[in-house]
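>>> I would like the atomic coordinates for the input below:
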Amino acid sequence: MQRRKFLQLGLVSTSALLVGCTTSSETTNKVSNSPSKNKVGTIYSDAYGSVTDGGFRVPAVPINKLDKKFHRQIVKFRTRHPKNTVIVNTKQRHLYYILGGGKAVRYGIGVGRAGFAWEGEAYVAWKRPWPTWTPPKEMIQRQPRLRKYADGGMKPGLRNPLGARALYLFDSETKQDTLYRLHGTPEWNSIGTAASSGCIRLINQDIIDLYERVKPGRRTKVIVIQ
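A predicted model of the protein is given here:
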């Protein structure tokens with residue numbers, strides 16, 4: 001995907017204006033996208049306990065060790081973009097899911113390392129729970145040890161780089177696969193850093209939540225800004 005600079009996006013986050021749990025349960029993923037049922041200021045710090053999902057036991061996250069600004073929460077967010085839009089601010093290390101009514105769900109993210117960062121407008125072509133991961137050819141060239149996954153890919157599981165969920169991004173103009181994903185990760189301490197090879201990573205508990213909110217299709221825009 002060629003990097004493209006954005007035109008005026010018409011969005012302002014209140015956070016941008018500032019200077020600057022352990023039980024196991026079967027995941028139900030009952031979420032609400034209704035602005036009237038999401039109170040600004042709600043922080044879901046208790047949403048990171050261990051869960052059983054898809055036959056896998058997702059470990060609890062020691063969320064108190066992660067800066068609270070990266071905990072899932074409801075924030076004020078003014079934008080001209082419609083609800084269900086996903087806006088990724090790589091500089092802030094935040095992903096916003098637009099609820100409408102001047103609100104958004106904000107998640108902490110990890111982004112691509114220097115040289116792998118990207119920006120553009122895409123859409124969610126499809127999404128998968130516990131996906132198989134196949135490394136791109138360019139990555140295999142950089143890391144030959146990954147060649148064993150070139151054909152069949154790495155099977156789903158807790159060690160799979162895509163984690164519990166993956167949302168597959170296609171370029172809005174060319175309709176081609178960008179090879180970039182919004183995906184889960186067990187490496188909670190990588191949230192807020194530039195650690196991945198270009199994709200946007202969320203804590204597994206957060207990507208499970210986002211997955212239930214996002215509807216695939218060209219109407220679901222994903223805007224990645226630097």
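>>> contacting residues for Pro62?
Neighbour list for Pro62: Trp188 [criterion: CB atoms under 8 Å, 6 or more residues apart in numbering]. For glycine as for every other residue, the C-beta is placed from the backbone atoms N, C-alpha and C.
>>> quick one: it and Thr220, what's the gap?
Applying CB to CB, to the nearest Å, the value for Pro62 to Thr220 is 32 Å.
>>> And the pLDDT at Ser24?
According to the prediction, Ser24 has pLDDT 30.
>>> do the same with the one 5 residues further on
For Asn29, the model assigns a pLDDT of 48.
>>> Same question for the one 10 residues further on.
Model confidence at Lys39, given as pLDDT, is 93.
>>> SS state for it?
Recorded secondary structure, Lys39: coil (DSSP: H, G, I helix; E, B strand; the rest coil).
>>> got the contact list for the longest helix anywhere in the chain?
Determined from DSSP state H, the single longest helix within the chain is helix 204-213. Helix 204-213 has contacts (CB under 8 Å, 6+ apart) with 27, 29-31, 33, 47-48, 51, 53, 58, 61, 72, 84, 86, 95, 97, 105, 107-108, 127, 129, 163-167, 182-186, 202.
>>> list the contacts for Asn189?
Lys65, Leu66.
>>> Helix, strand or coil: sort out it for me.
Going by three-state DSSP: Asn189 is helix.
>>> likewise Phe77?
strand.
>>> Quick check: beta-bridge partners of the nearest residue to it once chain neighbours are set aside?
Spatially, and ignoring its direct neighbours in sequence, Phe77 is nearest to Ala104 (3.7 Å; CB to CB, 6 or more residues apart in numbering). Counting by DSSP bridges, Ala104 forms beta bridges with Val75, Ile98.
>>> is it true that Gly157 touches Gly55?
No - with contact defined as CB atoms under 8 Å, Gly157 does not reach Gly55; the gap is 9.7 Å.
>>> Just list the residues touching Val40, thanks.
Ile74, Val75, Lys76, Lys103.
>>> how close does the last one sit to Val86?
Lys103 sits 14 Å away from Val86, going by CB to CB.
>>> These two - which one has more neighbours?
Neighbour comparison, Lys103 and Val86: the larger count goes to Val86, with 27 against 23 (by other CB atoms under 10 Å).
>>> distance between stretch 102-118 and the chain's centre?
Computed by CA atoms, centre = their mean, to the nearest Å, the chain-centroid distance of stretch 102-118 equals 7 Å.
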